[in-house]
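A.B. asks: Got a predicted structure plus its sequence, pasted below:
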Amino acid sequence: MIYLELFWNFFRVSCFAFGGAYSAIPLIRDVVLSHGWLTDETLTYMIAVSESTPGPIMVNLATYVGSSQAGFLGAVLATLAVILPSFIIILLAMVVLKTVIDNPYVQAVLEGLKPCIIGIILATGVYMCVSNCLTLTADSSIDLRAAGILVLLLLLTAGVKVFAKKQLSPIMLILISACLGIIIYH
């Protein structure tokens, strides 16, 4: 039964993950928390690990959750479930897109999805910042170390953009935040 649940839930997430992995994080969060497969804290850690390891975040998360819940076969099924919808859609898109891409209705759908995806990604980022920097309990407190790292990274990113007139590489951001984590949390 767990195999079918893993496959079906990650297949479903992948079917509705328009905009990529970051927009899928709320869907994945909903699935893993509702089934009790991970805690919110563990999921947050896995998102960070999945972001800093090679491969798509959704695939890495699905593989980890599948493995933690049902071993190797669970990992394979969850990973396959995440990949399968995209594979099928790309195959269909290659056939159909050539003829319908100029259709005004198709263009309208694509334009309509853009703000939705931006909102989902922004909401996910804000949620992750708030949930990692604030403890939302009866005695709400701020994790000053996490908030400090966040502020340093934001200032660094803005500074490089303003003064160097270029963007800081995501790889550099990951390495810098890892070093800051070692320094601050050590």
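C.D. replies: Arrived safely.

A.B. asks: show me where this protein has strands.
C.D. replies: For the chain, strands defined by DSSP state E occupy the ranges 134-135, 141-142.

A.B. asks: highest average neighbour count across these?
C.D. replies: Stretch with highest mean neighbour count among these: strand 134-135 (a mean of 13; mean count of other CB atoms under 10 Å). Heads up, the C-betas are built off the backbone N, CA and C, glycines and all.

A.B. asks: Which elements pack onto that strand?
C.D. replies: Packing partners of strand 134-135 (3 or more CB pairs under 8 Å, 6 or more residues apart in numbering; DSSP states H and E): strand 141-142.

A.B. asks: quick one: contacts of the strand it packs on?
C.D. replies: Cys133, Leu134, Thr135 (CB atoms under 8 Å, 6 or more residues apart in numbering).

A.B. asks: Pairing partners for it, with directions?
C.D. replies: strand 134-135 (antiparallel) (DSSP bridges).

A.B. asks: what about the strand it pairs with, distance to the chain center?
C.D. replies: 21 Å (CA atoms, centre = their mean, to the nearest Å).

A.B. asks: roughly how far apart are the residue nearest to the spatial centre of the chain and Ile47?
C.D. replies: With distances taken as CA atoms, centre = their mean, Tyr22 lies nearest the centre of the chain, 3.5 Å away. Here Tyr22 is placed at a distance of 9 Å from Ile47 (CB to CB, to the nearest Å).
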